[in-house]
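Engineer: Give me a model of this one.
(2 chains)
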Amino acid sequence: MIFWIIAALLAGLAGLWMALPFLRARSMEMSGAEGAISIYRDQLDEVDRDRAAGLISEAECEAARMEIERRALVAARHMDQGMAISTRAPVLAAGLTGLAAALVLGGYAWLGAPGAADAPLAARRAEALAAQAAAGDLGSRIQLLIERSQDDPESFETWWMLASSYSAIGDHASAADAYRHAVELAGDKPGVLSAYAEAMTLANGNKVPTAALVIFDKLAAETGDPRARYYLALARAQAQDFEGALERWAALARDSAPDAPWMGMVRRDIVNMARFLKVDVTESLPDATAAEIAAAGGAGAGPGGDLAARIAGLEVALAAEPKDYKSWIALAEARLQSGDEIGGAAALGQARREYAAAPFVLQKIDEAERALGLDLTAPAPARRGLDAEDIAAASALSDQEREDMIDGMVAGLAARLEEQPEDLQGWVMLVNSYRTLGKPSKAQDAHRSALRVFGGDPAAVAALERAVGAAP
Amino acid sequence: MSVELGHFALILALVAALIQSSLPLWGALSGSAAAMRVGDRAAQIQFLGVAGAFAALTWAYVVSDFSVLSVAMNSHSSKPLLYKITGVWANHEGSMLLWVLMLALFGLLISVFGGVIPAALRATTLAVQAMVGVGFYLFILLTSNPFERIARPPLDGQGMNPLLQDIGIALHPPLLYMGYVGFSTAFSFAVAALITGRVDPAWARWMRPWVLLAWSGLTAGIALGSWWAYYELGWGGFWFWDPVENASFMPWLIGTALLHSAIVVEKRNALLKWTILLAILTFALSLIGTFLVRSGILTSVHAFATDPSRGAFILVLLSIYIGGALCLYAWRANAIRDTGVFALWSRESGLLLNNVLLVSVTGIVFVGTLYPLALELYNGAKITVGAPYFNQTFLPVFAAIMLVAALGPFLSWKRARRADVLRRAGWVLGLSVAGTAGIALGFGLREPVGLLGIVISLFLAIATLADLLRRAGVPGAPIGTVLRRIIGMPRSAWGLWIGHGGLALAAAGVVAVSVWSAEEIQTVRKGEETAVGPYSFALIDIENTQGPNYQTSIAALRVTRNGELVTMLFPERRWYPVEQQPTTEAGIRTLWHGDLYGVLGDPDGRGGYVTRYYYNPGVPWMWAGGALITLSGLISLTDRRLRVGAPSARRSRRRATPSPVAAE
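Structural biologist: All right, here's what the predicted structure looks like:
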């Protein structure tokens, strides 16, 4: 309706604007020849100018003047003719306005889609998100659920789905927050409580916080919830009560169906703990597989031939190329299997130093540490980068360590040049550094990039070639 | 609601055009002042309506409103904003809306700046302009409605040809349309002159600014299109005598003739009928150009998804406008009398000769473009008329045009002194032959055709410079006077010199690149060097990498001359997986005398790559010449005498006695 009001208003105004001349008391137009006369005046000026510049002779000038004046006279004679006059014509004006408005509105009614709303993509976000969420995109699903929770904050269902979506993408802090809402709405439902406590634990870097501990205690006592029991055991281990932890995990394993979803994690922790405590894993886990027994360092076997060879192979490979975190994790795992607890932790520590500036890799290393159970037994804080201690230690660097430091500096230079490529000296330094570090392929890449930046500037290309040699 | 309001506004524009095409005409014929004034107001409403429609459609593209069919078919939510906006006219429906927007804009400008034009002529001109508009509004609303809606809008659009996602090609249509549509103003003035029976120097002066504006836009549009083809298509060429290119070139050629004949009308009250006919033919060729591109007769990058009913509709419009105007011409032209007489040796004759030659080359291009189509219609034979035809027919006549353009300014109006003109021409010829000989010896050039082309270009350049100096009083006048005169020259005179100078520069560029370009096509491996003219191209490296929405191979080419590094080139070969379409990005380095140009082709599967290397001398001159020619039109447009300098009818009415004193 509002559309039709606007449309009718516009059509009427437009019609009125066009019909307005008919409402004037008196209109007059002269078919003026003044325009023509001003042109002749310009032409006379030009003739004078040409004469002054000596481009035409006096006789030519006179002839031209005569001709132009003759034309001007003819034009002036036309001036009196053709005067157009009209008087007010209200009926005509009303008719014109009405006709125009009727034609516009009728034409639109025939061709248009009255009432069809705009559908800009931004307003269709919900629709777009739903389509993406249906296609399995968790980010869209979370966006959608956030909006839904804002619309209806009393819906347990929404908070619950939102929390589990957050868990699925590993954002445990947000998950814990969403679970808290779900807990408030659901009361003391055990499943919700334990999911909340678990999210708190994961958000706390897998260390069971006191608040979660209280919940787990209550749940374990009241319902025997397996998740609560698992985390209670973990809390034991984190409090250095390794025997207590092993005992509880063993009890949980006994009480659970062998194909329960949590069994993989429980068995892994039992194996790790048995290895650490140097006890027979089959006592806690009677159905332990051969691989598990081996991993727990059981059956009194020393490092097998295979294992020793594997460790040696990895060590050689890593000495050649230390930037390979997967091999470092494999080395840690192999050393643990051979019973070398300290060596395993050292391998991960070394990997951390290699990747001090790569959060993604550090996270992978943290995950590996957790999977291998090293976080239980070596509660030292994870190293995430250079701190005061490192700087103090830098004065006593070994060759290897110094090289690592250079490595880091070169990586920083490369990153900076990516952002600000207009730096010829920087590129020269980068190419030379890669060569010094014995990385010819990287040096070649850097050389290419520099050429692309400075290709249009022969002087810069020449300078580059003087500094680092001809193109790759 | 904005989409529907846009649709509504477009219909409002149609109705305004209907009123504008009828009432003012009746007013002019019956002497009703009020009815004539309706023309101005209707032109304003028409423009507001179509501008509102265009704004609504642009908004729909910007916010990706896929409930509009045109947006869903031609846009994509992930396109950069710039290409969302240019995407409005990168398709048939939107570009037609742009067409009528330009048309309404020119109508509005006539009503706003046309105060000096007598009421009857202005009203009639606006009416004719609106008649053209009505036809195209109906065409848009009935066959190509950009506001068509979809009941179930998709979540994303179908995207846009990656070749067109480029700023050069994005600005090409608006400029081209400014030309095409601007010529409709000349057409309207011509038809109005036939209706009112009034053609005089003033008429020519009122028409000329619109022709200049249209012609400048068309020049820039053609140059941009050619530039885009040069760097994006990767063929090393800039003009292919493609029918779509010809469709824009024909109105340019004949529009150039119109521009010059209108000068004769204004200065000498001669060539009146001829000028009117040229105005009609210029717009006719613009319409034919539109028809060729839109009808689906031609296939090229420009041919948008086509539909025979659209072609038929435009053909009907074409017949009505052109046929109607020509009939009117046949009926009324005899009433028009030339009063200016001129001798055989005069500026008028020079301009007439230039006109005849320009119309001849237009005819040559017309035949070359339409003959294959006609033949296919007649017996189904498919032939192509390409460069050989045009080189043998177009170029000699165009060379004659350049000679006439050089000599024209030497001729004085009405009666020129033949001996003077011949003497000056002799001097200029001598200088240009000497200059060419110097160039030929200095660079060791032998090709007679190329040297002839250089002589002609130099002839035009030197003659233009000589004319400038002569008008400034060289030789003879003291240096201070000369400088003062040069600064004080009318802008239209500067238009002449800059335009002719630009033509000479562009022609020299075309000759140089056509005759002396060096091209090598070969399969090379990394490290191999290829000699291209005086340069040596070496393929150093190929790198495969990823762009934002394409995969690409980038070659590094090292260009040396006598062992000295000149530059590095980085041509690319891209593949757009979504559109399933490859594009080439030529590596170009522009030096003052020419371009170094490298293109990377397909790998041969055995470690080699097909590469094309060019040294294109003169290409930068060509673009600079095109820019100068465009500029010349704009500079002429700013001439004091074309501005609204004369008193308007209304202002003089307030005075006690009408006086012929013009305000300056």
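Engineer: Closest to the centroid, which residue in the chain?
Structural biologist: In the absence of a named chain, this looks at chain A. residue A:139 (10.9 Å; CA atoms, centre = their mean).
Engineer: Chain B was what I was after
Structural biologist: Using CA atoms, centre = their mean, the most central residue of chain B is residue B:218, at 1.9 Å.
Engineer: What are the boundaries of the strands in chain A?
Structural biologist: With strands called from DSSP state E, chain A shows them at A:26-30, A:83-87.
Engineer: Enumerate every residue touching the closest residue in space to residue A:189 that isn't next to it in sequence.
Structural biologist: Once flanking residues are discounted, residue A:189 sits nearest to residue A:183: 7.9 Å by CB to CB, 6 or more residues apart in numbering or on different chains. Where C-beta positions appear, they are placed from N, C-alpha and C, glycine not excepted. Applying CB atoms under 8 Å, 6 or more residues apart in numbering or on different chains to residue A:183 gives the contacts A:189, A:192-193, A:196.
Engineer: Can you lay out the strands of chain A as TSV showing mean pLDDT and distance to residue B:209?
Structural biologist: Formatted as TSV, the strands of chain A follow (pLDDT from 0 to 100; distance: least, CB to CB, whole Å):
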stretch	mean pLDDT	distance to residue B:209
strand A:26-30	69	22
strand A:83-87	73	25
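Engineer: which one of those is the most hemmed in?
Structural biologist: strand A:26-30 (a mean of 19; mean count of other CB atoms under 10 Å in any protein chain shown).
Engineer: Over to residue B:411: give its phi and psi.
Structural biologist: phi -80, psi 140 (degrees, to the nearest 10).
Engineer: Distance of residue B:533 relative to chain A?
Structural biologist: 18 Å (CB to the nearest CB, to the nearest Å).
Engineer: Verify the stated contact: that residue with residue B:518.
Structural biologist: Yes. Counting by CB atoms under 8 Å, residue B:533 touches residue B:518, with 3.2 Å between them.
Engineer: and the residue nearest to residue A:189, what pLDDT?
Structural biologist: pLDDT recorded at residue A:183 is 87.
Engineer: and what of residue A:216?
Structural biologist: pLDDT at residue A:216 comes out at 89.
Engineer: Who are the contact partners of it?
Structural biologist: A:194, A:197, A:208, A:227-229, A:231-232, A:235.
Engineer: which residues touch the nearest residue to it once chain neighbours are set aside?
Structural biologist: Leaving aside its chain neighbours, residue A:216 sits nearest to residue A:228 (4.1 Å; criterion: CB to CB, 6+ apart). Contacts for residue A:228 were tallied using CB under 8 Å, 6+ apart; they are A:194, A:197, A:215-217, A:219-220.
Engineer: Let's see if you can find the most crowded of these.
Structural biologist: Highest neighbour count within those, by other CB atoms under 10 Å in any protein chain shown: residue A:197, with 28 neighbours.
Engineer: That residue contacts residue A:212, correct?
Structural biologist: Yes. Between residue A:197 and residue A:212 there is a contact under CB under 8 Å: 3.9 Å.
Engineer: Could you pull out the residues contacting both of these two?
Structural biologist: Common contacts of residue A:197 and residue A:212 (CB under 8 Å, 6+ apart): residue A:231.
Engineer: Now do residue B:661, the pLDDT please.
Structural biologist: Here, the pLDDT recorded for residue B:661 equals 35.
Engineer: Relative to residue A:201, how far out is the residue nearest to residue A:216?
Structural biologist: 11 Å (CB to CB, to the nearest Å).
Engineer: just residue B:153 next, same as before
Structural biologist: When residue B:153 is compared with residue A:201 (using CB to CB), they lie 46 Å apart.
Engineer: Now intersect the contacts of residue A:216 with the helices, please.
Structural biologist: Judged by DSSP state H, helices contain the following of these: A:194, A:197, A:227-229, A:231-232, A:235.
Engineer: average pLDDT for the helix or strand that contains residue B:621?
Structural biologist: Taking DSSP states H and E as the criterion, residue B:621 maps to helix B:619-637. For helix B:619-637, mean pLDDT rounds to 93.
Engineer: Just the CA atoms of that helix, as PDB, please.
Structural biologist: Included here for helix B:619-637 are C-alpha records, laid out as PDB according to Å, rounded to 0.1, in the frame of the first residue of the first chain:
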ATOM      1  CA  VAL B 619      52.300   2.000 -30.200                       C
ATOM      2  CA  PRO B 620      52.700   4.600 -27.400                       C
ATOM      3  CA  TRP B 621      52.300   7.300 -30.100                       C
ATOM      4  CA  MET B 622      49.100   5.800 -31.200                       C
ATOM      5  CA  TRP B 623      47.600   6.000 -27.700                       C
ATOM      6  CA  ALA B 624      49.000   9.500 -27.100                       C
ATOM      7  CA  GLY B 625      47.500  10.500 -30.500                       C
ATOM      8  CA  GLY B 626      44.100   9.100 -29.500                       C
ATOM      9  CA  ALA B 627      44.200  11.000 -26.300                       C
ATOM     10  CA  LEU B 628      45.100  14.200 -28.100                       C
ATOM     11  CA  ILE B 629      42.300  13.700 -30.600                       C
ATOM     12  CA  THR B 630      39.800  13.200 -27.700                       C
ATOM     13  CA  LEU B 631      41.300  16.300 -26.000                       C
ATOM     14  CA  SER B 632      40.900  18.400 -29.200                       C
ATOM     15  CA  GLY B 633      37.100  17.900 -29.100                       C
ATOM     16  CA  LEU B 634      36.900  18.800 -25.500                       C
ATOM     17  CA  ILE B 635      39.100  21.900 -26.000                       C
ATOM     18  CA  SER B 636      36.900  23.100 -28.900                       C
ATOM     19  CA  LEU B 637      33.900  22.600 -26.700                       C
END
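Engineer: which secondary structure elements does it contact?
Structural biologist: helix B:201-232, helix B:491-516, strand B:587-591, strand B:594-603 (3 or more CB pairs under 8 Å, 6 or more residues apart in numbering or on different chains; DSSP states H and E).
Engineer: By mean pLDDT, which helix or strand of chain A comes out lowest?
Structural biologist: Of all helical and strand segments in chain A, the minimum by mean pLDDT, DSSP states H and E falls on helix A:388-393, at a mean of 49.
Engineer: Please tell me how far stretch A:261-271 is from the chain's geometric centre.
Structural biologist: Centroid displacement of stretch A:261-271 relative to its chain, using CA atoms, centre = their mean, to the nearest Å, is 35 Å.
Engineer: correction: stretch A:251-259
Structural biologist: Worked out by CA atoms, centre = their mean, stretch A:251-259 lies 42 Å from the chain centre.
Engineer: I'd like the mean pLDDT over it, please.
Structural biologist: Across stretch A:251-259, pLDDT averages out at 87.
Engineer: what does stretch A:372-381 give?
Structural biologist: 61.
Engineer: any idea how far the residue in chain A sticking out farthest from the centre is from residue B:108?
Structural biologist: Computed with CA atoms, centre = their mean, the residue of chain A farthest from its C-alpha average is residue A:59, at 83.3 Å. Using CB to CB, residue A:59 is found at 48 Å from residue B:108.
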